[in-house]
Structures are given as structure tokens and as C-alpha cells.
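Engineer: Here is a sequence with its predicted model. Questions after.
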Amino acid sequence: MIPTPDLSHLKAEDYDRVYEPAEDTFLLLDALEADQELLKALKPSICLEVGSGSGCVSSFLGSILKDTTLYLCTDLNPHACVCTSRTGSQNRVALNPINTSFMEGLGQRLHRSIDVLLFNPPYVPTVEEEAAQAQDGRDIQGSWAGGNDGMDVTNRFLGLVDDMLSERGVLYLVALKQNNLPEIQERMKAHYGLEGEVALQRRAGREHLFILRFRRSQQTLCKDP
Amino acid sequence: MVRLMTHNLLACHAKGCTTNNFPLALKDVQIELRESDFNPDFLKGFLPKLDWPALVLAARQLGDETLPLQQPEMLDDEFLKNLHHVLLEIHIEEGSMTCPNCAHVYPISNGIPNMLLAEHEIG
Ligand SMILES: C[S@@+](CC[C@H](N)C(=O)[O-])C[C@H]1O[C@@H](n2cnc3c(N)ncnc32)[C@H](O)[C@@H]1O
């Protein structure tokens, strides 16, 4: 069992402005833990978490992969970047937070270079304007407001994945049942040849949460390097 | 923390700014040195991802002259230790990064680079 990262340094004031790890976060941790041998066999050189929030997920990935890889963490919310940095230090993982949207500023140099890509997006269905305003606000609302079908932010992200993911790369994405997973999977396959499967799913209260894992077709994650 | 490893991966992404937009010039920086564990395998694996001239330039802007202008073919221990120091132990806490092409300024505060652009600047 890999311990959940130590978050004791984060207080209620932090969670007023930054997403507090919840069922979705923990499901993603469980999926990464279940895949730990695969992740190690991948020998990633660059990992990127989009929307790192508290930094909990990247710190957890850090306890799997240790200091064999570079951990980049982006978030639109500057308070989240600060929390990510503190959570990294608290757990002795060198996290590198960047205050940006998705991977803006990194795209040119990291074209098809990300080996492990993670995103637990704002996936709650809201009206479109609410999601747009939340994105502009760069605060806590941006951690959940997802617009139409909860997919406005995720769709923008999915359009960038093919440019960023390396040949052997793997993407873990958190989604809700309402986000229409079969449609996401079909689209990623048809447009980019990215094969998606359900890594893990769980009901948590009213939410039916999924972790989707995407890889390029014909890639076998388990194969020995 | 902004280390030179991260700096080496950041380029200007302002609207229309697509050539000569890297590396971002470091200005008014405050640095801290923090020791970290030496991991030669990680460094060797990361070398192909680096833009070498940009790294040497950035290190020299920060007063570190230990890296050779040409990336050496022989990766001896002394070279790897210098590389380790430059990439991972120099932390930029405050300062800014200016695009050599369009002069857009990206601030660094509390060790966090801000790559966000205003709506009208987005490419
Ligand atoms: C559901 S929270 C997840 C936080 C953390 N990864 C976790 O699992 O607990 C979504 C995060 O994505 C960030 N976010 C939303 N839109 C973003 C965007 N366009 N680019 C980068 N981060 C974004 C939010 O600020 C928030 O921190």
C-alpha cells in the first residue's frame, strides 16, 4: 500500500481557494496505485499533471516513480500552484508548478514528450457561461464548473493531448458517467488513434466516477522496455 | 520553485509569436541554492530533452560558468555533477522571463512562473 500523501500542512483557508482532495482524487490515486508496475516499466522521463490543485495526485505519483522523472504541474489557479509546491515539499517530491492554462507555454518544447499525463478536470455540468467565468476567475469555482455536460473544459483539453503525449505515453483522465464516456473514447480513437479504456470506476454518493486510461494504438503498456 | 530544468521547457506563446520565442531571458532574479540528491541516470535520460545552448545561456545569466558551450560526448562525473547543480539545485524564487521576440514579460513569484496571458494575447 502506498500511503496517501501527507496534507496536514493544508488548512481550511487553503481549501477556501483550492480544491480539497475528494472521492475523484482518491479514485485517481487508486488507479495509479493499481498501475504502478506499468508506470515504472514505462520509465517516464516527463510527467505532467494538468490542474494539480492541492498537489495530492502528483505527490502520490512521486512516491511511485521517485526521483527518476520530472514532475510538471500546471493550474489556472495561482493558489493551487502554491499548494502544489507546498505539498511537494511536505512529501519530499520535487513538484514543479506552473501557473498556466492546460499546458500553455510548454507546448512548443514538449511536443509529444509527455510520458504520463494526468487530469482530474472540472467535470460538473453547469451552464456554459458559468464554466467560462470560472475559467477566467482562476479560483475555486474553476475546480468544478465544467459547462455543457460537464465537458467544456475536458473537451478543450482532449484536443491538446495528441500534441503532448509521447509515443509510449499514457493519459489518465477522471470523468463522470454523465460526461458520455463511449463518445469520448470513440472520438479519441477516430481523431487521434488514442485507445481509451476504463481503468477504474466507483460510485461515490450521487457521482458515478470513472478513470479513463488512454494510450496510442498498438502500444502495449506492459511490455518490458 | 523554478529550476533551470523547467525554464528550459518554457517558450513564449503570445499570439503570433512563433519564432525566436525561446529561451525566455531571465531578469532581476533572486535565487536560492538547495541541495538535492544526485541521480546520474535521470540526468543522462534527460539530456536529449534539453536545449543545450539555452541551458548554458541561462546558467551564465545566473553567474554559473561550469557548463561547456558544447555538450560533451563523454559524460564524466564532474560534468554530471555540474549539470545536476545547474538543473536542479538553483531555484529562482523571484524575477521575470522576457520573450526575446515580442518582449512579453512572464513573472516569477514565490518560485512559480506565471505563463498566463490576457484573452487578447492568446495565440
Ligand atoms: C477537480 S480539481 C482537481 C484537483 C486535483 N488534481 C485533485 O485531483 O484533487 C480541478 C483542477 O483543475 C484546475 N483547472 C481548471 N481549469 C484548468 C485549466 N484550463 N488549466 C489548468 N488547470 C485548470 C482547477 O483550478 C483545479 O485545481
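Structural biologist: Yep, it's here.

Engineer: going forward, measure contacts between C-alpha atoms and count neighbours the same way
Structural biologist: OK.

Engineer: Next, count neighbours for A:Q218.
Structural biologist: 10 (other C-alpha atoms under 10 Å in any protein chain shown).

Engineer: so what pLDDT did it get?
Structural biologist: Per-residue pLDDT puts A:Q218 at 72.

Engineer: what's the helix or strand for it?
Structural biologist: A:Q218 is part of no helix or strand when elements are defined by DSSP states H and E.

Engineer: residues touching it, list them.
Structural biologist: Not one residue lies near A:Q218 by C-alpha atoms under 8 Å, 6 or more residues apart in numbering or on different chains.

Engineer: give me the element the residue in chain B that the ligand sits nearest to is part of.
Structural biologist: Using C-alpha to the nearest ligand atom, the single residue of chain B nearest to the ligand is B:L116, 9.9 Å away. Here B:L116 is covered by no helix or strand, with elements defined by DSSP H and E.

Engineer: show me the contacts for it.
Structural biologist: Each residue near B:L116 by C-alpha under 8 Å, 6+ apart is listed here: A:L76, A:N99, A:T100, A:S101, A:E104, B:Y106.

Engineer: Could you confirm A:V198 falls within a helix?
Structural biologist: No. Applying DSSP: H, G, I helix; E, B strand; the rest coil, one finds A:V198 to be strand, outside a helix.

Engineer: Stretch A:156-165 close to chain B?
Structural biologist: No. Against chain B, stretch A:156-165 shows no contacts by C-alpha under 8 Å from any C-alpha of the partner chain, the least distance being 12.8 Å.

Engineer: and the longest helix seen in chain B, which residues are buried?
Structural biologist: Once chain B is assigned using DSSP state H, the helix that runs over the most residues is helix B:52-61. For helix B:52-61, burial by neighbour count (16 or more other C-alpha atoms under 10 Å in any protein chain shown) applies to B:W52, B:A54, B:L55, B:V56, B:L57, B:A58, B:A59.

Engineer: ok, the last one touching B:P68?
Structural biologist: No. Taking contact to mean C-alpha atoms under 8 Å, the distance of 10.7 Å between B:A59 and B:P68 leaves them out of contact.

Engineer: returning to what we had before: now narrow the buried residues of helix B:52-61 to whatever sits close to chain A.
Structural biologist: Of the buried residues of helix B:52-61, not one also sits near chain A (C-alpha under 8 Å from any C-alpha).

Engineer: List, out of the contacts of B:L116, those positioned next to the ligand.
Structural biologist: Applying C-alpha under 6 Å from any ligand atom, the subset of the contacts of B:L116 adjacent to the ligand comprises A:L76, A:S101.

Engineer: mind listing the helices in chain B by residue range?
Structural biologist: B:4-7, B:40-46, B:52-61, B:77-84.

Engineer: so which of these gets nearest A:Y123?
Structural biologist: Of all the helices of chain B, the one in closest proximity to A:Y123, counting by C-alpha to C-alpha, is helix B:4-7 (28.8 Å).

Engineer: packing partners for that closest one?
Structural biologist: In this structure, helix B:4-7 packs against helix B:52-61, with contacts taken as 3 or more C-alpha pairs under 8 Å, 6 or more residues apart in numbering or on different chains; DSSP states H and E.

Engineer: what does the helix it packs on contact?
Structural biologist: Under C-alpha under 8 Å, 6+ apart, the answer for helix B:52-61 is B:4, B:8, B:22-23, B:25-26, B:65, B:67-71, B:86.

Engineer: Just among those residues, which is most surrounded?
Structural biologist: Result: B:V86 is most packed of those (other C-alpha under 10 Å), 25 neighbours.

Engineer: Can you tell me how far that one is from chain A?
Structural biologist: 15 Å (C-alpha to the nearest C-alpha, to the nearest Å).

Engineer: give me every residue that touches that residue.
Structural biologist: Residues counted as contacts of B:V86 (C-alpha under 8 Å, 6+ apart) are B:L4, B:A59, B:D64.

Engineer: what number of residues lie near the last one?
Structural biologist: So the one you mean is B:D64. B:D64 is flanked by 15 other residues according to other C-alpha under 10 Å.

Engineer: try A:L65
Structural biologist: Counted with other C-alpha under 10 Å, the neighbours of A:L65 add up to 20.

Engineer: Quick check: nearest residue in space to it, chain neighbours excluded?
Structural biologist: A:K40 (6.4 Å; C-alpha to C-alpha, 6 or more residues apart in numbering or on different chains).

Engineer: Repeat that for A:P122.
Structural biologist: Nearest residue to A:P122 in three dimensions, chain neighbours excluded: A:W144, at 3.8 Å (C-alpha to C-alpha, 6+ apart).

Engineer: From A:S54, how far out is that neighbour?
Structural biologist: Computed as C-alpha to C-alpha, to the nearest Å, the A:W144 to A:S54 distance reads 14 Å.
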